[in-house]
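Student: Here's a sequence, model it:
(one chain, ligands or ions: 1)
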Amino acid sequence: MPHLSFPPDSPEPLLRLAILECGQVCYARHLMTSNDGNISVRVDESRVLITPAGLCKGRMDADDLLIVDLRGNVLASANDRRPSTETPMHLEVYKLRPDVRAVIHAHPIFATALTVAGLDFPDDILPEVALTLGHVPVSAYATPSSHEDAEVVRPLIRDHDAILLRQHGSLTVGKNLEEALIHLERLEHVAEVFHHARQLGGVARIPPEELRKLANSKLLRHCEEGALPGAARQGRCPDEAIPKGDAVSSDQGIASHPSTSGVPSAQDARNDGRRQSPRSKS
Ligand SMILES: [Zn+2]
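Tutor: I've put the predicted structure just below:
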């Protein structure tokens, strides 16, 4: 898949190939089923290349993709397609995140199931999450294919490269499609591991002090590289990489994060007694 890692200012034909490749991966990995999901890349400051509505993303042609401006007006559509119904959500990301050049909205099974079950994303069970995605918030519920999706991601996307859309799917972003896809695959992998751990008898959480060490090393790495993507913005300096307001269960040693959605969340549900100890069923 040589085109997914496209550099800035890549020619439009290459970007079209990158979207086709990404769609094939997402469909084969069951990250997008049927004609669900949508993929876009930033062509330049004012134009976005995006997938059409009503088409399986694993079986597209390059001419099926459309060019839109940042207000959603169709500028070019070779096959007379309509743009994705989630175009407003993609455009909201490009307006708020100049560093982002690729957006993937998918329907990953295990990650989506978390939000259906009313659970938060388990960002404290595997070290690689703290080193990469950091905290993954769950948005408020929104009607799919409406402007509501753009509204619920607006308060979250500045500081996160991966978001779960409540009872809908995921939104991941990156400097190219390779990065956005890696975030998506990691999101789904963690959710699947969490599911299997529960089936096996319990979920062991990484202690808060260990999470803090991981978050600090992530932030230092990003600072050294001179880049500060959304995930790294969660910490302003190494000592603040884990928000100080986090609730920590003194008897269970579990780190958690406050709800960012403004609606009852999995955190609230767990505070209602559904939270489990590291060695008990959850
Ligand atoms: Zn969707």
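
Student: pLDDT at residue 120, what is it?
Tutor: Residue 120 carries a pLDDT value of 96.

Student: SS state for it?
Tutor: Following DSSP: H, G, I helix; E, B strand; the rest coil, residue 120 is assigned to coil.

Student: burial count for it?
Tutor: 24 (other Cβ atoms under 10 Å). C-beta coordinates here come from the backbone N, C-alpha and C atoms, glycine included.

Student: Repeat that for the one 3 residues further on.
Tutor: Residue 123 sits with 22 neighbouring residues when counted by other Cβ under 10 Å.

Student: Verify the contact between it and residue 135 for me.
Tutor: Yes. When contacts are counted by Cβ atoms under 8 Å, residue 123 is listed as touching residue 135 (5.3 Å).

Student: quick one: residue 203 from residue 212, how far?
Tutor: From residue 203 over to residue 212 the distance is 20 Å, taken as Cβ to Cβ, to the nearest Å.

Student: which residues does residue 26 contact?
Tutor: 32, 37, 39, 57-58, 104, 106, 181, 184 (Cβ atoms under 8 Å, 6 or more residues apart in numbering).

Student: got these as CSV, with distance to residue 129 and neighbour count columns?
Tutor: Shown next, in CSV, are the contacts of residue 26 (distance: Cβ to Cβ, whole Å; neighbours: other Cβ atoms under 10 Å):
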residue, distance to residue 129, neighbour count
32, 22, 27
37, 22, 26
39, 23, 28
57, 26, 28
58, 27, 18
104, 18, 32
106, 18, 31
181, 16, 25
184, 13, 30
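
Student: and which of those is nearest to residue 4?
Tutor: Proximity of the contacts of residue 26 to residue 4 was ranked by Cβ to Cβ; the top entry is residue 181 with 6.4 Å.

Student: Distance-wise, check the closest one relative to residue 40.
Tutor: For residue 181, the distance to residue 40 - Cβ to Cβ - is 13 Å.

Student: what do you get for residue 107?
Tutor: 16 Å.

Student: Same check on residue 169?
Tutor: 15 Å.

Student: the more surrounded of the two?
Tutor: residue 40 (32 against 26).

Student: quick one: contacts for the more buried one?
Tutor: So residue 40 contacts 19, 48-51, 84, 87, 90, 102-103 (Cβ under 8 Å, 6+ apart).

Student: That one belongs to a strand, doesn't it?
Tutor: Yes. With three-state DSSP as the criterion, residue 40 is part of a strand.

Student: Could you list everything the residue lying closest to it once chain neighbours are set aside pairs with in the sheet?
Tutor: Once flanking residues are discounted, residue 40 sits nearest to residue 50: 4.0 Å by Cβ to Cβ, 6 or more residues apart in numbering. Here residue 50 sits in beta bridges with residue 40, residue 66, going by DSSP bridges.

Student: was I right about residue 50 contacting residue 93?
Tutor: No. Using Cβ under 8 Å, residue 50 is not in contact with residue 93; the gap is 11.6 Å.

Student: so what's the backbone phi/psi at the residue positioned nearest the centre of the chain?
Tutor: Centroid-nearest residue in the chain: residue 162, 2.4 Å away (criterion: Cα atoms, centre = their mean). With angles defined as degrees, to the nearest 10, residue 162 sits at phi -140, psi 130.

Student: Please report the distance of it from residue 24.
Tutor: In terms of Cβ to Cβ, residue 162 sits 21 Å off from residue 24.

Student: tell me the contacts of residue 76?
Tutor: Applying Cβ under 8 Å, 6+ apart, the residues contacting residue 76 are 66-67.

Student: Kindly indicate whether it is helix, strand or coil.
Tutor: strand.

Student: what is it paired to in the beta sheet?
Tutor: Where residue 76 sits in a bridge, its partners, by DSSP bridges, are residue 67.

Student: Quick check, pLDDT for it.
Tutor: 94.

Student: Can you pull the phi and psi angles for residue 178?
Tutor: phi -60, psi -50.

Student: That one - how many residues pack around it?
Tutor: Neighbour tally, residue 178, other Cβ under 10 Å: 19.

Student: I'd say it and residue 7 touch.
Tutor: No. Judged on Cβ under 8 Å, residue 178 makes no contact with residue 7 at a distance of 10.9 Å.

Student: quick one: the strands in the stretch 51-200 of the chain?
Tutor: 66-69, 74-77, 102-106, 162-165, 169-174 (DSSP state E, counting those that start in this stretch).

Student: Can I get those strands in JSON lines including distance to residue 195?
Tutor: Below are these laid out as JSON lines (distance: least, Cβ to Cβ, whole Å):
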{"stretch": "strand 66-69", "distance to residue 195": "36"}
{"stretch": "strand 74-77", "distance to residue 195": "40"}
{"stretch": "strand 102-106", "distance to residue 195": "17"}
{"stretch": "strand 162-165", "distance to residue 195": "14"}
{"stretch": "strand 169-174", "distance to residue 195": "15"}
